[in-house]
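Asks: Sequence and computational prediction follow.
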Amino acid sequence: MCNRFFTLCAAATAGIALLLSGCGKPELVSQWRGRRVVVIDGDDGEWQNARHLLENENLVYGIFNDAKYLYLYFNLSDRTRQMQIARSGLTVWLDGGGGKGKSFGVRYPLAMTQDDMPEERPGFSGGGSGGRFRGGWPSGDPAQLSRLMEKLVGRHDFEILGPLKDQRARSSGLNTAGIEVAASWSNGRLVYEL
């Protein structure tokens, strides 16, 4: 059991490296949680002394583990990456073999839908018919991006992907089968915990 867990930790580290593939090959190291209490609630208070910065990505991350669980934390302030997450959702992939395979994933928040986009509004680009969303995408207006991100992190559904190809299960709560996930949006920062 312990060997399998630590293999999963190594796999999660590889999965995070894949998530951050645009920033080279960072060395990601998990810290033993010890007596520290980690509550998956989208608040980053318990991560104060466990944060690591990837400067080129404007990303702060943390990884804890104990004998039973793995805890992941991201704090993302890069607007381009935030829009990628709004468009496609955020998937964290884990590979039980410690490689780069995508055998098990958690997608949260889910990608925005057409209903998330306002009707034609100033500050939005794209628009018109034929696109996936009416009204287009926010064109850099922080208020529009904030409204979209608040909507996304306010949802209580996520997807579990795998282990079989194209297998997915949707959960309507933020705590399912031992998987907890939460995110928050504040002051232009997306805080994510898994």
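Replies: Right, received. Where do you want to start?
Asks: How many residues are close by residue 67?
Replies: 10 (other C-beta atoms under 10 Å). The C-beta positions use only the backbone N, C-alpha and C, and glycine is treated the same way.
Asks: my read is it is in a strand, agree?
Replies: No. Counting by DSSP: H, G, I helix; E, B strand; the rest coil, residue 67 is not found in a strand; it is coil.
Asks: And it, how far from residue 167?
Replies: Separation of residue 67 from residue 167 (C-beta to C-beta, to the nearest Å) stands at 28 Å.
Asks: The protein: helices as residue ranges?
Replies: Remark: helices assigned in the chain by DSSP state H are 2-19, 79-88, 142-153.
Asks: per-stretch mean pLDDT over those, give me the minimum one.
Replies: Sorting the helices of the chain by mean pLDDT places helix 2-19 lowest, at a mean of 43.
Asks: and residue 89, what is it in contact with?
Replies: 107, 108, 109, 110, 111, 159 (C-beta atoms under 8 Å, 6 or more residues apart in numbering).
Asks: May I have the phi/psi pair for it?
Replies: Here is the backbone geometry of residue 89 (degrees, to the nearest 10): phi 80, psi 180.
Asks: For this protein, name the helix or strand with the lowest mean pLDDT.
Replies: Here the helix or strand of the chain ranked lowest by mean pLDDT, DSSP states H and E is helix 2-19, holding a mean of 43.
Asks: Can you pull up the most central residue in the chain?
Replies: Nearest to the geometric centre of the chain sits residue 90, at 4.3 Å (C-alpha atoms, centre = their mean).
Asks: what's the distance between that residue and residue 64?
Replies: Taking C-beta to C-beta, one finds residue 90 at 19 Å from residue 64.
Asks: any chance you could map the strands in the chain?
Replies: 31-32, 52-54, 59-65, 70-76, 91-94, 104-107, 124-125, 137-138, 158-161, 168-171, 175-176, 179-180, 182-186, 189-193 (DSSP state E).
Asks: could you dump those to CSV with distance to residue 42?
Replies: Converted to CSV, these look like this (distance: least, C-beta to C-beta, whole Å):
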stretch, distance to residue 42
strand 31-32, 20
strand 52-54, 19
strand 59-65, 14
strand 70-76, 10
strand 91-94, 15
strand 104-107, 15
strand 124-125, 27
strand 137-138, 22
strand 158-161, 13
strand 168-171, 16
strand 175-176, 13
strand 179-180, 11
strand 182-186, 3
strand 189-193, 6
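Asks: Reformat these as TSV; add mean pLDDT.
Replies: Shown next, in TSV, are those (pLDDT from 0 to 100):
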stretch	mean pLDDT
strand 31-32	72
strand 52-54	87
strand 59-65	90
strand 70-76	92
strand 91-94	89
strand 104-107	91
strand 124-125	48
strand 137-138	54
strand 158-161	90
strand 168-171	86
strand 175-176	73
strand 179-180	90
strand 182-186	93
strand 189-193	94
